[in-house]
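J.: need a structure here:
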Amino acid sequence: MKIKTNGVELNVNDTGIGDTTLVFLHHMGGSSKTWSDVTSRLSRDFRCIAIDARGAGDSEATETGYSIRNLGNDVLGVIATLRLKRYIVIGHSMGGKIAQYLASTHPAGLVGIVLVAASPPSPMVLDDATREQYRGAYANRAAVEGALDNALVGSLLSTEAREQLIADSLRTSTHSKNGWIDIGSRDDIIADLKAIEVPVTIIAGDKDKVDSPEVVKSEIAIHYPSAAVHFIADKGHVLPLEAPAELTAIIGEFAAPL
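T.: Numbers count the residues shown, from 1 in each chain. Below you'll find the model as predicted:
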């Protein structure tokens, strides 16, 4: 379905039924499809809402609006439109940074967040040359494949999953890519975290080259002393496609009693 909020039309996939809704946010270069294997399993017990961020998947690409606050407010607009009463936000990578900001705003009905290979709340510190390398990582098929093989993926993917990642990366708008590199990744939301009151669980791959286990411990988990931290063995950054069964189990266990 399409939902218009904050001046942008967003694509939203809505499956399953349940008293608690799980809201899924994807990584930069991904889409709601990134979560398909996980939502197909969890939709047996939960309503699952997966959102294409502005400029990604089948959502509208705008020239502006790519700060973490903008993207978080887009999600809040979808939640308000769907009148969700009780929900958990699950964010992967960029989506994890968005989830942290969203939780800090105390939205009605939020009962927890799950951070999956999440981007830290602090600004990503990169020199100009490295930032330009990031900018070119989604330029063409060869560049995307190089990013997958050298940084994003830590285990063998099926051909279907790999092709999905490539297709999603290539159709992500230039505005969205540059918005993350120039704005979202540089946003500092650490001060906002003090306002988070809902339970948090943290999941990462122990072979993640984007945000290593050390980064997870020192830049994310340190802000959530009560959070459970799960490191999935022999997996990299793209956990929704590398470890859907493990994610399903951890998310389901976290969500069931909330």
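
J.: residue 110 touches residue 90, doesn't it?
T.: No: the pair residue 110 / residue 90 is not scored as a contact, 11.8 Å apart, by CB atoms under 8 Å. Backbone N, C-alpha and C define where each C-beta goes, glycine included.

J.: more crowded one of those two?
T.: residue 90 (30 against 22; other CB atoms under 10 Å).

J.: after the lowest-mean-pLDDT helix or strand in the chain, which helix or strand is next?
T.: Every helix and strand in the chain was compared by mean pLDDT, DSSP states H and E; the lowest is helix 128-135, with a mean of 81. Counting by DSSP states H and E, the next helix or strand C-terminal to helix 128-135 is helix 141-147.

J.: pull out the buried residues from the helix or strand just after that following helix.
T.: Note on helix 141-147: by DSSP H and E, the next helix or strand toward the C-terminus is helix 159-171. Across helix 159-171, burial judged by 16 or more other CB atoms under 10 Å covers 161-162, 164-166, 168-169, 171.

J.: nearest to residue 183 among those?
T.: Residue 183 lies nearest to residue 169 out of the buried residues of helix 159-171, by CB to CB, at 18.9 Å.

J.: from memory that closest one sits against residue 146, does it?
T.: No: Residue 169 is beyond contact range of residue 146, at 11.3 Å (criterion: CB under 8 Å).

J.: please identify the helix or strand for the nearest residue to residue 36 once chain neighbours are set aside.
T.: Spatial nearest neighbour of residue 36, excluding adjacent residues (CB to CB, 6 or more residues apart in numbering): residue 50 at 7.7 Å. Residue 50 belongs to strand 47-51 when assigned by DSSP H and E.

J.: partner strands of that strand, parallel or antiparallel?
T.: If you go by DSSP bridges, strand 47-51 pairs up with strand 8-15 (antiparallel), strand 21-25 (parallel).

J.: and those, which is most packed in?
T.: Mean neighbour count (mean count of other CB atoms under 10 Å) peaks for strand 21-25 among those, with a mean of 27.

J.: shaky segments in the chain?
T.: Applying pLDDT under 70 to the chain flags no residue at all.

J.: remind me, longest helix of this protein?
T.: helix 68-82 (DSSP state H).

J.: what comes up buried for that helix?
T.: By neighbour count on 16+ other CB under 10 Å, the buried set for helix 68-82 is 68-79, 82.

J.: now, among those, which is nearest to residue 106?
T.: Nearest member of those to residue 106, counting by CB to CB, is residue 76, at 10.9 Å.

J.: which helix or strand contains the closest residue to the closest one other than its chain neighbours?
T.: Closest residue to residue 76 apart from its sequence neighbours, by CB to CB, 6+ apart: residue 107 at 5.8 Å. For residue 107, there is no host helix or strand (DSSP H and E).

J.: with distance to residue 103 added, can I get the strands paired with strand 47-51 in CSV?
T.: CSV is the format used below for the strands paired with strand 47-51 (distance: least, CB to CB, whole Å):
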stretch, distance to residue 103
strand 8-15, 20
strand 21-25, 11
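
J.: out of these, nearest to residue 193?
T.: Nearest to residue 193, of all those, is strand 21-25, at 17.0 Å by CB to CB.

J.: quick one: the closest residue to residue 85 other than its chain neighbours from residue 56, how far?
T.: Among residues not flanking residue 85 along the chain, residue 109 sits closest, at 5.1 Å (CB to CB, 6+ apart). According to CB to CB, to the nearest Å, residue 109 stands 25 Å off from residue 56.

J.: who has more neighbours out of these two?
T.: More crowded of residue 109 and residue 56, by other CB under 10 Å: residue 56, with 28 against 14.

J.: which residues touch the more buried one?
T.: If you count contacts by CB atoms under 8 Å, 6 or more residues apart in numbering, residue 56 has them with 26, 28-31, 168, 171-173, 176.

J.: again, but for residue 209
T.: Contacts of residue 209 (CB under 8 Å, 6+ apart): 150-152, 154, 236-237.

J.: do residue 93 as well
T.: Residues in contact with residue 93 (CB under 8 Å, 6+ apart) are 26-28, 30, 116-119, 210-211, 237.

J.: having no further points to raise, I will conclude here.
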